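Asker: sequence isn't available, so here's the structure alone:
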């Protein structure tokens, strides 16, 4: 007899989105809490999503000539202090090692919050000539920032990420790299994670500590809030000068090289959850789902059902899909709810009557659609079915973004739109910090980016009425 | 005109093996030193070796049903203290975080020296029933141990590794896992790294802090010293009891599960260097070499040479080999020395006369042999040529191990053999700590392992003359 196991309920996302998010993180077995606040455990199912993202990005980085390295996790305080803006940005949120073995250290060491200083120190040893450039490095690691409020994926004291660091002979080459890597992140988001993005420039206020320019991709979550999903920075030669990195150029003169860095973290998994998830739990884009197809036998006590379901599972696996079968003694209802919670894109149900008719039932996680598929056509139809889910998720997320992007011509109007609908508010902007602060103070929104795709909504800044320089996106952000 | 660049010299390995090792690490561009003693930078070429090892091991782990996870890097002091032997073993070499942001922490946090306590804490949350077992987890990360003397790869304060942690319903299953994972390490060493191993049990003195049994694979380096290359531990239910991990078994009783862990680190790269390297530098086994085949044009200023060499390179690449071409303006002599230093298994030289004859010259890194290969047969001959290098390295290393393993029947004899020849000395042993300490004090050797392949060399212990229990290996170890 089937064991009746209760399906765990999650909070309604329209009632309490934050609690819904936490419920999904734990009930879908993505994370567990550790003994240190803000340091989360990525359980196998959560880590497998990260591994799939890693594989895609690592392939893109290597395709473009980048090489992986491993830098130490500890940075001497004096090294962190070499670049003024950088240390001001990061020192307040560092964790400090003060004791090694049983001895007080002569100098405090911080656990890396980011590794620009380590890369620069290394480059100062190994870069001599234009022949050594470009340096196209990346590392996969975890970093630590001592945040006050923490949430799984969205804000961890420790989080996993990749950080790319490159050094170039010319500003043009470095700027191209910065923009190209932003495009790599956009490609990942749009084509693999089904998350449409807004590409743009960060304002001076919002840029990375020590950067000349910070570019960003911004995504809209289901609750209409913004998630900064990946950033790419152009540093000019600021760090190079502080760290004494020079090279002999082809013309035999000594020059400072130009630097970039770019990072994407496990925060993006929070973005996937909040973009696609629903009240039944997680919904995963097929291209990064650890399990793309779950095979569930129906009335499995009947003769031949488990055997046939197993044969289907074996065929799906042999065809190269990430798949599992659940022939456990849990009830059919529990199984369906369980794999919905885990966001498996496609569920294949197969029971006695299906077997008689030579078919199975494919159930889409994104919209619940049930499709009868002939068993002997299943493996050739799977790519199309999974593609439909992938596209369906993108279309839905794009509609959410488009429908909740508004135009405003004054702070008051922007405030009203945000309070009524949430979403992104686009306005013209004069470029001043004062107006950026005014929007924050009066309408509760931060600048998300100055989008690459500019429109001329008005001649004047929505905040001060002075001549406008750019169109800008505002929003409430995670 | 070819630029004459001086080939950097390395120390003669027979004169100063330690300095030779350090020279290879830096001149082959495997590592750089960071600002923190004992925290090394893995440069692209060094990290690429690790990536290849990761790929092989990760595939084996997953083949056997293991899943990757990510645990935090910080462990509260109180958590580390839960298992008595474990904390005694590790606390003296921990690095401690005492300040987070600008505040003193209420409790010190250590950077993980190993993660048993973190896994146990997590399992105490999620393991309830026999249905939850086994837990077959692994993580790729870095750990930190505050060592006094440090050397690249061999002894770092921070080093990269994988740590597998598993939990089982029965002792038999856990013991099988422990031994199976040792076999996985042996497979990696023998069949991919061309390093023959001795498999065995560690003595109680040498086992891991908190383990019931520690199994090890021991390798012999070129200088006849031993390198412990991978270990696998059976913990019984000791940690489970301290961390309150219980499960309801099929018979409805509460039980403590049985635990294992096993680890292999970047130390193995030190082993590869010291097993295969020579006075021209690094020698890499083809199966893990970042570059398996380097294509070098000869007299490249002559018409058609670079074009033909490039075509050869493209063909080798298209056939799936890891390959590069060096058409830079460095001299041929410099290039040959450079790729010898970097240990590239096969160098393909191609010049005007070769092109005329439709051939190229394949030069083996392991023995310098030059083989004329017809250009239209090159890609089909490459697997065989690389296999020859792989086998050649293994045979040479196996001969070194066999020729420098000696039998002794007293401490004096063991001492004399070690002083004269180095290597492993096998003797019979009564099993007492006293005799182990006596061998260390009088002959300067530690026990390496009680090998699985036992021989009966004598009836009595070589140290005390009492009845012998086991044959044991002694050696001077890294």
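Answerer: Nice, thanks for sending it over. This one's a predicted model, so the numbers in the text were calculated from it and none came from an experiment.

Asker: okay, CA-based contacts and neighbour counts for the rest of this
Answerer: OK.

Asker: give the burial count for the residue of the stretch 251-400 of chain A found nearest chain B, as a bare number.
Answerer: Among the residues of the stretch 251-400 of chain A, residue A:328 lies closest to chain B, at 10.0 Å counting by Cα to the nearest Cα. Using other Cα atoms under 10 Å in any protein chain shown, residue A:328 has 13 other residues around it.

Asker: do you know how far it is from residue A:335?
Answerer: 9 Å (Cα to Cα, to the nearest Å).

Asker: quick one on the thing from earlier: quick check: phi and psi at the residue of the stretch 251-400 of chain A closest to chain B.
Answerer: Dihedral pair for residue A:328: phi -70, psi 170, per degrees, to the nearest 10.

Asker: could you do residue A:152 as well?
Answerer: According to degrees, to the nearest 10, residue A:152 has phi -50, psi 140.

Asker: isn't it right up against residue A:31?
Answerer: Yes. Proximity of residue A:152 to residue A:31 meets the contact threshold set by Cα atoms under 8 Å, at 7.4 Å.

Asker: would you mind listing the residues touching both of the two?
Answerer: A:25, A:40 (Cα atoms under 8 Å, 6 or more residues apart in numbering or on different chains).

Asker: what does the residue in chain A sticking out farthest from the centre show for phi and psi?
Answerer: No residue in chain A sits farther from the centre than residue A:303, which is 45.9 Å out by Cα atoms, centre = their mean. Main-chain dihedrals, residue A:303, degrees, to the nearest 10: phi -60, psi 130.

Asker: which residues touch it?
Answerer: Residue A:303 makes contact with no residue under the criterion Cα under 8 Å, 6+ apart.

Asker: buried residues in the lowest-mean-pLDDT helix or strand in chain A, which are they?
Answerer: Within chain A, no helix or strand scores below helix A:84-90, which has a mean of 87 by mean pLDDT, DSSP states H and E. Buried residues in helix A:84-90, defined by neighbour count with 16 or more other Cα atoms under 10 Å in any protein chain shown: A:86-87, A:90.

Asker: of those, closest to residue B:138?
Answerer: Distance to residue B:138 across these (Cα to Cα) is lowest for residue A:90, with 31.7 Å.

Asker: that closest one contacts residue A:113, doesn't it?
Answerer: Yes. With contacts counted by Cα under 8 Å, residue A:90 reaches residue A:113, the gap being 6.9 Å.

Asker: relative to residue B:34, how far out is the residue positioned nearest the centre of chain A?
Answerer: Nearest to the geometric centre of chain A sits residue A:268, at 1.8 Å (Cα atoms, centre = their mean). Per Cα to Cα, residue A:268 is found 31 Å from residue B:34.

Asker: list the contacts for the nearest residue to residue A:208 once chain neighbours are set aside?
Answerer: Here the nearest residue to residue A:208 in space, its sequence neighbours aside, is residue A:214; by Cα to Cα, 6 or more residues apart in numbering or on different chains that works out to 6.2 Å. With contacts defined as Cα under 8 Å, 6+ apart, residue A:214 is in contact with A:201-203, A:207-208, A:231-234.

Asker: can you check residue A:20 too?
Answerer: A:10-13, A:279.

Asker: can you give me the strands in the stretch 251-400 of chain A?
Answerer: A:254-255, A:258-265, A:293-297, A:323-325, A:346-350, A:359-364, A:370-374 (DSSP state E, counting those that start in this stretch).

Asker: swap in the stretch 1-150 of chain A?
Answerer: A:31-33, A:40-42, A:67-68, A:74-76, A:95-100, A:103-111, A:135-144.

Asker: if we can go back for a sec, give me the nearest residue to the residue nearest to the centre of chain A, chain neighbours excluded.
Answerer: That would be residue A:229: by Cα to Cα, 6+ apart, it lies 6.0 Å from residue A:268.
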